[in-house]
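Peer 1: Structure of the sequence below:
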Amino acid sequence: MRPPASLGIIVLSCLPCGAAVIDVTPGANLIAIEQVIYQTGSGTVVQNTEAGGVTSTGDGVVSVQSVRITDGSPVDLTYFNTAGAKVVNVNPEFQNIAGVGVFDNGVRTTSTGGLAAYGDAFAGTTLDTDLRNYAYHDYLTPGAATPGTPDLDLLFLHALLPGEDHFLVAERWGNAAFSITALDENGNPYQEANVLRIGGTGGTATLGYEVYDWVTGYAADTDNSVQAQALSLFPVQLFFEGTSEPPAPVYGLRIDNDGEADPKIMGISSDTFSNNPVNPQVIPEPSALLTALAGAMALGLRRRR
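Peer 2: Okay, here's the model as predicted:
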């Protein structure tokens, strides 16, 4: 994470043709979080008020179980889009830039160790709700990638639906920004849709938690233990509001992290994602699918014995 004061301006040439850039910050385009429930190694934690900073450190799993919002009346979002994900089009510059990686409960996967492994690890951050499994950009050496060049495309097995589903984003220390572009089933940007800039232009260099909504209090022991994860939640519909682009399923996100944020992106809803459209680019290979089916059948046989 670099100091927000050095954030670059997003290069308009990398945006879809008719896109507007919409800042997603407290007081602007967020849905306010009222409660978060976590599952930790010590049990269930109900958080009715956000933390003031770090309240717990460690590298063990801290999973988000539900998020309560107010949408006319209280709504509990308890379903997560964790059935499958895939990363493609990783920026090849990352092969030679130290400081880009994924932190997963004390284990790091770096881009310099191989882009394929890094991409798989990044996809893994959206396959669970563990706040200690996230991507990071820290002290990039010899420097940042070319400004305006997307980092990667994150594709979901099940698309997210405008008017129904939401994104929940965690960012370490809640002070850095990144941009996301909605992708269609072919992996192409919706040309007239908004580009969302999560965290706006970033926060003050020496302060945390300014541009995200809810401070969790949970920090990783072996990765900046003084910086807790902060959350922001917004509707999928935001990509299409005020545009000529008809609302449509979002099959993936193009991520541009010029602000060097440390993000974790989770799909969340009050209803199951299992009935949402399936992304043809993320369907498991036939051999992997057959193996999974065989395993499920074997498990079923064991349970009947």
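
Peer 1: Chain neighbours aside, what residue packs nearest to A176?
Peer 2: A261 (3.8 Å; C-beta to C-beta, 6 or more residues apart in numbering). Every C-beta, even on glycine, is put in place using the N, C-alpha and C of the backbone.

Peer 1: Now R68: closest residue in space that isn't a chain neighbour?
Peer 2: That would be Q35: by C-beta to C-beta, 6+ apart, it lies 3.8 Å from R68.

Peer 1: Repeat that for F240.
Peer 2: P247 (4.4 Å).

Peer 1: Next, the contact list for the one you found, please.
Peer 2: 162-163, 237, 240 (C-beta atoms under 8 Å, 6 or more residues apart in numbering).

Peer 1: In three-state terms, label it for me.
Peer 2: Taken by DSSP: H, G, I helix; E, B strand; the rest coil, the conformation at P247 corresponds to coil.

Peer 1: now D258
Peer 2: Put simply, D258 is coil when judged by three-state DSSP.

Peer 1: residues near it, how many?
Peer 2: 24 (other C-beta atoms under 10 Å).

Peer 1: Looks like P147 contacts D258 (just checking).
Peer 2: Yes. Counting by C-beta atoms under 8 Å, D258 is a contact partner of P147 at 5.5 Å.

Peer 1: Where does the residue nearest to L152 when sequence neighbours are not counted fall, secondary structure wise?
Peer 2: With C-beta to C-beta, 6+ apart as the criterion, L152 has its nearest non-adjacent residue at 4.6 Å, and that residue is V90. Per DSSP states H and E, V90 falls between elements, in no helix or strand.

Peer 1: residue boundaries of the helices in this protein?
Peer 2: Assigned by DSSP state H, the chain shows helices spanning 115-124, 286-304.

Peer 1: and those, which one is worst for confidence?
Peer 2: The minimum mean pLDDT among the helices of the chain belongs to helix 286-304 (a mean of 44).

Peer 1: Check the protein and tell me which residue is nearest its centre.
Peer 2: Taking C-alpha atoms, centre = their mean, the centroid of the chain lies closest to I265, which sits 1.1 Å from it.

Peer 1: how close does the closest residue to N279 other than its chain neighbours sit to A98?
Peer 2: Closest residue to N279 apart from its sequence neighbours, by C-beta to C-beta, 6+ apart: Y251 at 4.6 Å. Remark: distance between Y251 and A98 (C-beta to C-beta, to the nearest Å) = 32 Å.

Peer 1: the more surrounded of these two?
Peer 2: Y251 (26 against 14).

Peer 1: from what I can see the more buried one touches G187, true?
Peer 2: Yes. Y251 lies in contact with G187 (C-beta under 8 Å); the separation is 7.4 Å.

Peer 1: Which neighbours do these two have in common?
Peer 2: 155, 281.

Peer 1: shaky segments in the stretch 1-150 of the chain?
Peer 2: The stretch 1-150 of the chain contains residues with pLDDT under 70 at 1-18.

Peer 1: if I pick I33, what's in contact with it?
Peer 2: Contacts of I33 by C-beta under 8 Å, 6+ apart are 50, 67-69, 213-214, 231, 233.

Peer 1: I'd like the distance between E241 and V90.
Peer 2: According to C-beta to C-beta, E241 and V90 sit 30 Å apart.

Peer 1: Comparing these two, which shows the higher neighbour count?
Peer 2: Taking neighbours as other C-beta under 10 Å, E241 and V90 compare with V90 leading, 19 against 15.
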